[in-house]
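*Asks:* I would like to see how this sequence folds:
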Amino acid sequence: MCLRLATLEDLPGIMQIVTALIPLLHAVGNLQWDDTYPNPRVFAEDIANGQLWVKAIGDRIAGVVAPTTEQYPEYADAGWDVTDPAIVVHRLAVNPEFQRQGIAAALLSHAEVVARSRNFSRVLADTNSHNQAMQRLLPKLGYTLAGEITLAFRPGMRFLCYEKLLKD
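*Replies:* Down below sits the predicted model:
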């Protein structure tokens, strides 16, 4: 297994994961992702900003994550100070063929590495209220539920906000 920064050559593999995940998410009522988001442009921007990581197994991409500093204004509704720098986990996805192998946990662990490398004391994550898998995983990894919000760019959906405070 190899964890590395994504390149533009990875986009087809990343989009294959997204395409495979969307019907699985929709089947459980999680409409957070669809045929408009996330898209190749969003991932290409992550790559250009040096903030998209892939976990590869052999020549296949098993998972992807974008640990960014992008905090939505709505995070304040969860009690977070959006002016306090943090790493925010965005666009976490695991290829269905590699699920239940610790890939998501490894990608979240890497977000902590990124946070520490930037001297940030916390990692934030939001997930759709229908994403039961993330709601089970985040607390197991030491994240605490901070609150529930809505996001302007995803109307009609509720998101749960989780935070992990990093110890020195």
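*Asks:* shaky segments in this protein?
*Replies:* Along the chain, segments meeting pLDDT under 70 span 168.
*Asks:* Quick check on I57: phi, psi?
*Replies:* phi -120, psi 110 (degrees, to the nearest 10).
*Asks:* Leaving out chain neighbours, which residue sits closest to it?
*Replies:* M1 (5.4 Å; Cβ to Cβ, 6 or more residues apart in numbering). Every residue, glycine included, has its C-beta placed from N, CA and C.
*Asks:* quick one: contacts for the one you found?
*Replies:* K55, A56, I57, A62, A106 (Cβ atoms under 8 Å, 6 or more residues apart in numbering).
*Asks:* could you pull out the strands for this protein?
*Replies:* 2-5, 53-57, 60-68, 87-94, 122-128, 144-149, 159-165 (DSSP state E).
*Asks:* Can you say which of the contacts of M1 are buried?
*Replies:* K55, A56, A62, A106 (16 or more other Cβ atoms under 10 Å).
*Asks:* And the longest helix along the chain, what does it pack against?
*Replies:* Secondary structure assigned by DSSP state H gives helix 11-27 as the longest helix of the chain. Applying 3 or more Cβ pairs under 8 Å, 6 or more residues apart in numbering; DSSP states H and E, one finds that helix 11-27 makes contact with helix 40-48, strand 60-68, strand 87-94.
*Asks:* Could you dump those into JSON lines with distance to W80 added?
*Replies:* Shown next, in JSON lines, are these (distance: least, Cβ to Cβ, whole Å):
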{"stretch": "helix 40-48", "distance to W80": "22"}
{"stretch": "strand 60-68", "distance to W80": "15"}
{"stretch": "strand 87-94", "distance to W80": "10"}
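*Asks:* Of all these, which one is nearest N30?
*Replies:* Among the helices and strands packed on helix 11-27, strand 87-94 comes nearest to N30, with 12.2 Å by Cβ to Cβ.
*Asks:* and that closest one with strand 60-68, angle?
*Replies:* Strand 87-94 runs at 160 degrees relative to strand 60-68, counting by axes from the mean of the first three to the mean of the last three Cα atoms, to 10 degrees.
*Asks:* Just give me the neighbour total for Q16.
*Replies:* As a burial measure, Q16 scores 13 neighbours (other Cβ atoms under 10 Å).
*Asks:* that older thread, is it possible to export the strands of the chain to JSON lines including distance to Q101?
*Replies:* JSON lines is the format used below for the strands of the chain (distance: least, Cβ to Cβ, whole Å):
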{"stretch": "strand 2-5", "distance to Q101": "14"}
{"stretch": "strand 53-57", "distance to Q101": "9"}
{"stretch": "strand 60-68", "distance to Q101": "7"}
{"stretch": "strand 87-94", "distance to Q101": "8"}
{"stretch": "strand 122-128", "distance to Q101": "20"}
{"stretch": "strand 144-149", "distance to Q101": "25"}
{"stretch": "strand 159-165", "distance to Q101": "22"}
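*Asks:* All good on my end, thank you.
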